[in-house]
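Asks: Model the structure of this input:
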Amino acid sequence: MKEQSSRIPQKLQRVLHGIASVVLNLAIVLSAVYILYHILDHFNPMLSFIEGTDLPIIPALSTLIPVLFVIAVLLYDLLFLDGAFQKRRFSAGRLWLTILIDFILFAAISVIIVVHSCNILVRCGLAESDWIEESLAPVPTAVETVVPASEDPVVVVPTENPSALPDATPAAGSSETPQAATTAPADTPTPTPWTGLVSEAYAYKFSDEPEVQVFDRSNVVETLPDGTVKSLIYRYSGKMTAIDIYHFSKGKEEYQVADIYVRDIRCFVTAYEADSGKQTNTPGYYDSIHALVAINGDNFAAGKLKDGLIVRNGQKMTRKSQNYHVFTADPCFLFTDGTMKTFDYKKDKIDSDALLSGSPAVYQAFYFGPSLLNANGTKKDSFNSTLRSANPRTVLGYYEPGHYAFVVVLGDRHTYDYNGKDCGKQSAAGMSLPELSALCESLGMKAAYNLDGGGSSSMCWNKTVFGHNDRHHSDILAIIEP
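Replies: This next block holds a predicted model:
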């Protein structure tokens, strides 16, 4: 049999062969990365096995990999058809092996395209979603009248000494120990009759007319016994909601605490997107619901949950394959009466059906963990988590019905502002779980729950962000004025 002569010059053959080899090897490497990412994300989504996995390149790989394979195969086929390999490189056996590899590659491409197309259909609402939402008991009306907040609250910067404000922190060097005020100042009207979740002792914090106060960190300062500098930076007073946000710093360590009071459980909401193709960051969710303050949540849609109970605003969220009776992480439950309870999934008996059908009803159920305090509010020594080392952290804290805290701790990674601008890498180490537990105890919390951390950790208020905010995630916890 006469060998087919090649029409392509040898120099061009070598160039085409080199390009095809590079493209094919790149496609194989990226395929391995793509497959490994999804394997790890699938089998350990709740413990954030991979930090910073919300990378923009990952979704793009589902399109890039098939394109690279097609380019490589077309180049090789061009050389084969032209007869470039007949004389020098390939025996008949190798030729058939290459054809078999071509077939396998095309099959892999077809699978990727089908899977990717199915995901697009679900995102566009053209295919059935894997998530099932089931309404639970309606949230009781805890307050007779709910007045909507002003869309454009007036920002008031105090001209007098801010430390004279009720419950404000004293100036640096002051010997005064801050105490939670239990009586309203004489010139502050108290809503009557008092109704709502939070104790009437905090009635002075609320106002019939919404008011926002923004403070400079250098003006309202207290130095704690351990050298930590505490600053009141923001205050909101509304008819249904009151919020004080404090900034804490000691050396390179930085964290913020939002001290929250609500008269109606409906002021405590979550915003979520179970579809990974439509998720956004904390400011994105914050804007969508006009929240007063928000933090990232448990990222419940980070992977295909196999177990655990998820409830959002009174809606039970489950996947079709999810067994919500089984727990492999500590859950946290917020009830319609304002109480909050965390569980140790290894030690406590958790009856999902009893919780869902009981009274008070479950209003929010989070699934990440671990729980950070013992039942008596003291710090813990052991935790049901593999992420014990120092990291950026986000915490939901509980004092009493209607009184909660949002906590965000900075760590050693880049931070991004409200508009997504990179503000540089922080030098703070973050907090380990034992350190975080001790912090929650020192803040006087009765219960505390660790939420998603790392690049998700962020607190948003007054069009401002504190935290890293470099990841899209599935949900936020937020406070609103209904």
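
Asks: residues touching the residue nearest the centre of the chain, list them.
Replies: Compute the mean C-alpha point of the chain, and by CA atoms, centre = their mean the closest residue is residue 296, 3.7 Å away. By CB atoms under 8 Å, 6 or more residues apart in numbering, the residues touching residue 296 are 282, 394, 451, 452, 456, 457, 458, 467, 473, 475, 476, 477. Backbone N, C-alpha and C define where each C-beta goes, glycine included.

Asks: Just give the number of residues close to the nearest residue to the fourth one once chain neighbours are set aside.
Replies: In space, residue 452 comes closest to residue 299 once its chain neighbours are excluded; the distance is 4.2 Å by CB to CB, 6 or more residues apart in numbering. Look at residue 299: counted by other CB atoms under 10 Å, it has 25 neighbours.

Asks: Widest-spaced pair of the contacts of residue 296?
Replies: Based on CB to CB, the longest span within these runs between 467 and 475 and measures 15.3 Å.

Asks: Tell me how far the residue nearest to the residue nearest to the centre of the chain when sequence neighbours are not counted lies from residue 349.
Replies: The spatially closest residue to residue 296, leaving aside those adjacent along the chain, is residue 456, at 4.4 Å (CB to CB, 6+ apart). Between residue 456 and residue 349 the distance, using CB to CB, to the nearest Å, works out to 31 Å.

Asks: Output stretch 377-394 as CSV - backbone C-alpha positions only.
Replies: This file holds the C-alpha atoms of stretch 377-394, laid out as CSV (Å, rounded to 0.1, in the frame of the first residue of the first chain):
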residue,chain,number,x,y,z
GLY,A,377,-23.6,29.9,78.4
THR,A,378,-20.0,28.9,79.3
LYS,A,379,-17.2,28.4,76.7
LYS,A,380,-16.7,24.9,75.3
ASP,A,381,-13.5,22.8,75.2
SER,A,382,-14.5,20.5,72.3
PHE,A,383,-16.2,21.2,69.0
ASN,A,384,-17.8,19.1,66.3
SER,A,385,-15.8,20.6,63.5
THR,A,386,-12.5,20.0,61.7
LEU,A,387,-11.9,23.7,61.2
ARG,A,388,-10.5,24.5,64.7
SER,A,389,-7.6,26.7,63.6
ALA,A,390,-7.6,30.5,63.2
ASN,A,391,-9.9,31.7,60.4
PRO,A,392,-12.2,34.6,59.6
ARG,A,393,-15.5,33.8,61.4
THR,A,394,-19.2,34.7,61.4
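
Asks: which element follows the lowest-mean-pLDDT helix or strand in the chain toward the C-terminus?
Replies: Here the helix or strand of the chain ranked lowest by mean pLDDT, DSSP states H and E is strand 155-156, holding a mean of 33. Using DSSP states H and E, the helix or strand that directly follows strand 155-156 along the chain is strand 211-214.

Asks: Please save the CA atoms from that next one in PDB.
Replies: Listed next in PDB are the C-alpha coordinates belonging to strand 211-214 (Å, rounded to 0.1, in the frame of the first residue of the first chain):
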ATOM      1  CA  GLU A 211     -33.300  57.300  63.300                       C
ATOM      2  CA  VAL A 212     -29.800  56.400  62.100                       C
ATOM      3  CA  GLN A 213     -26.700  57.600  63.900                       C
ATOM      4  CA  VAL A 214     -23.200  57.100  62.500                       C
END
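
Asks: Partner strands of that strand and their direction?
Replies: Here strand 211-214 has these sheet partners by DSSP bridges: strand 155-156 (parallel), strand 229-237 (antiparallel).

Asks: what helices or strands is the longest helix along the chain leaning on?
Replies: Longest helix in the chain by number of residues (criterion: DSSP state H): helix 10-43. When contacts are defined as 3 or more CB pairs under 8 Å, 6 or more residues apart in numbering; DSSP states H and E, helix 10-43 sits against helix 57-82.

Asks: State the mean pLDDT of the helix it packs on.
Replies: Per-residue pLDDT values over helix 57-82 give a mean of 73.

Asks: domain assignment for the protein?
Replies: 10-123, 131-143+232-479 (automatic domain parsing).

Asks: what's the most buried one of those?
Replies: domain 131-143+232-479 (a mean of 20; mean count of other CB atoms under 10 Å).

Asks: so how far is that domain off the chain centroid?
Replies: 8 Å (CA atoms, centre = their mean, to the nearest Å).

Asks: and the end-to-end length of that domain?
Replies: Chord length of domain 131-143+232-479, first to last residue, is 25 Å (CA to CA, to the nearest Å).

Asks: and that domain, average pLDDT?
Replies: 93.

Asks: For residue 242, give its distance to residue 385.
Replies: 32 Å.

Asks: that older thread, so which of the strands paired with strand 211-214 is nearest residue 372?
Replies: That would be strand 229-237 among those, by CB to CB, at 20.3 Å.

Asks: helix or strand right after the closest one?
Replies: Using DSSP H and E, the first helix or strand after strand 229-237 is strand 241-250.

Asks: Run the angle between the helix or strand just after that following strand and strand 229-237 for me.
Replies: Where DSSP H and E defines the elements, the next helix or strand beyond strand 241-250 is strand 253-262. With axes from the mean of the first three to the mean of the last three CA atoms, to 10 degrees defining the directions, strand 253-262 sits at 30 degrees from strand 229-237.

Asks: partners of strand 253-262 in the sheet?
Replies: Assessed with DSSP bridges, strand 253-262 is paired to strand 241-250 (antiparallel), strand 403-409 (antiparallel).

Asks: I would like the residues contacting the shortest one, please.
Replies: Right, strand 403-409. 198-199, 202, 254-262, 268, 293, 295, 340, 392-399, 428, 430-431, 436, 439-440, 443, 445, 457-459, 466-467, 477.

Asks: The longest one now?
Replies: Strand 241-250 is touched from outside by 167, 169, 202, 205-206, 217, 226-236, 254-263, 267, 292-293, 459, 461, 466, 479-481, with contacts defined as CB under 8 Å, 6+ apart.

Asks: mind checking which of the strands paired with strand 211-214 is nearest residue 104?
Replies: Nearest of these to residue 104, taken as CB to CB: strand 229-237 at 58.7 Å.
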